[in-house]
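**Q** quick check, what structure comes out for this input:
(one chain, ligands or ions: 1)
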Amino acid sequence: MRRTHSYAAMTKDAVQRRRWTFYEVVKDAEKKGGTVRVGIGFDIHRLGEGNTVILGGVTIPFNKGLIGHSDADVLLHAICDAMLGAAGEGDIGVHFPDTDPAYKGISSIELMRRTNGIIKDKGYRVSNIDSVVVAEAPKIFPYRDAMIKNIAAALEIDVYMVHVKATTSEGIGVIGRGEGISAHAVCLLTNVSDH
Ligand SMILES: [Zn+2]
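**A** This is a model prediction of the structure:
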């Protein structure tokens, strides 16, 4: 009987040995009969009244707040959409509609945990996530590591599989005028067959 070899264990082992590159991890998954799928996500929320914004599950003091049905965590929404897209599962609007009072004010970390459940039920694991927050303000960098830790914890993956970048819009357009914050994300999923 062939030994069960979970993707999580494999990547953990790879990190510990510092030998496998990400490319090799993906090639190994393919060799075992798994599939590799990529997804893209984009989200934007308007800035309005408030004194904090929540990004990547981190509450950041600011002179405005992000407006939305949930906690308006634009970064986590973009990442969830990328995960769902990669799994062929639509987007967060389909799974957690903003017309449903059950999701009013819900933590987007919780939405991310549920999204992870959806992709896991289909046999997928997050292989890596890359993302960009586009905001004129506040400064994202001081909070970046905390965001990465939150995302990795919600998805039960290693922090090295998650990346968060930030940029401004150089004063151009709606983001540049400080009217909102947007985020882009890509996600790679791997489906590893155990037999
Ligand atoms: Zn959103």
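
**Q** and the residue of the chain closest to the ion?
**A** residue 77 (3.4 Å; C-beta to the ion). For the C-beta atoms, the positions are set from N, CA and C on the backbone; glycine is no exception.

**Q** look at the closest residue to that residue other than its chain neighbours and report its pLDDT.
**A** Distance criterion C-beta to C-beta, 6 or more residues apart in numbering; nearest residue to residue 77, sequence neighbours excluded, is residue 43 at 4.1 Å. Here the pLDDT value assigned to residue 43 is 98.

**Q** pretty sure the residue of the chain closest to the ion sits against residue 183.
**A** Yes. With contact defined as C-beta atoms under 8 Å, residue 77 counts as touching residue 183 (7.3 Å).

**Q** quick check: neighbours shared by the two?
**A** Common contacts of residue 77 and residue 183 (C-beta atoms under 8 Å, 6 or more residues apart in numbering): 41, 43.

**Q** which neighbouring elements make contact with the one helix or strand residue 181 maps to?
**A** Residue 181 is part of strand 180-191, with elements assigned from DSSP states H and E. For strand 180-191, the elements it packs on are helix 22-31, strand 35-48, helix 74-86, strand 124-134, helix 173-176, judged by 3 or more C-beta pairs under 8 Å, 6 or more residues apart in numbering; DSSP states H and E.
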